[in-house]
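In: using only what follows, build the 3D model:
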Amino acid sequence: MDTIKRKKPKLIEWLRGMGMVLQHVHSADLITDTDYKRLKDITDVDTRNTELLDTLRQKGEQTCCKFLELLKEPDVNESSPQLREWIATVNSSGSGAASEAPSSSPANNPNSSTSRAGKQAI
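Out: Below is the predicted model of the structure:
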């Protein structure tokens, strides 16, 4: 859930141009019919996407991992090249804890004294 929380502003921006994301999330059973109807009634796109991300985070780590996997599907991310590029670096499979691939920055270098320990969970 930390990945979604940490990237929330960018996710809201990237999802802005993805008019079908709510339908994809609903058809993947990541949200209930009640959630879908509530979210669909929100007319402001940024507010709807914010509420969608908050709803997914409230459902827990497994749902968040499934959402991140859904974002990797070409028909879901086709309208957002930035999202497609970022989501390719996110490992959301395995034990249920998603993490971003380490960058080449000193903060992610295991040989650096400023290295962060462990993976980043969603």
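In: all contacts plus neighbour counts: C-alpha atoms, from now on.
Out: Will do.
In: what count of nearby residues applies to residue 35?
Out: Neighbour count of residue 35, defined by other C-alpha atoms under 10 Å: 15.
In: correction: the previous question concerned residue 18.
Out: 16.
In: quick one: secondary structure of the residue lying closest to it once chain neighbours are set aside?
Out: Spatially, and ignoring its direct neighbours in sequence, residue 18 is nearest to residue 79 (6.3 Å; C-alpha to C-alpha, 6 or more residues apart in numbering). Put simply, residue 79 is coil when judged by DSSP: H, G, I helix; E, B strand; the rest coil.
In: and residue 79, how many neighbours does it have?
Out: 16.
In: does it touch residue 17 like I think?
Out: Yes - the pair residue 79 and residue 17 qualifies as a contact (C-alpha atoms under 8 Å) at a distance of 6.7 Å.
In: just checking, residue 68 touches residue 89?
Out: No - the criterion here is C-alpha under 8 Å, and residue 68 misses it with residue 89 at 10.8 Å.
In: so between the two, which is more surrounded?
Out: residue 68 (21 against 14).
In: give the contact list for the more buried one.
Out: Contacts of residue 68 were listed using C-alpha atoms under 8 Å, 6 or more residues apart in numbering, and they are 87, 90, 92.
In: residue 29 versus the second one, what's the distance?
Out: Pointing back at residue 90 there. 21 Å (C-alpha to C-alpha, to the nearest Å).
In: check residue 13 too.
Out: 23 Å.
In: these two: which is more packed in?
Out: residue 13 (18 against 13).
In: the helix or strand that one falls within: which residues count as buried?
Out: Taking DSSP states H and E as the criterion, residue 13 maps to helix 8-15. By neighbour count on 16 or more other C-alpha atoms under 10 Å, the buried set for helix 8-15 is 8, 11-15.
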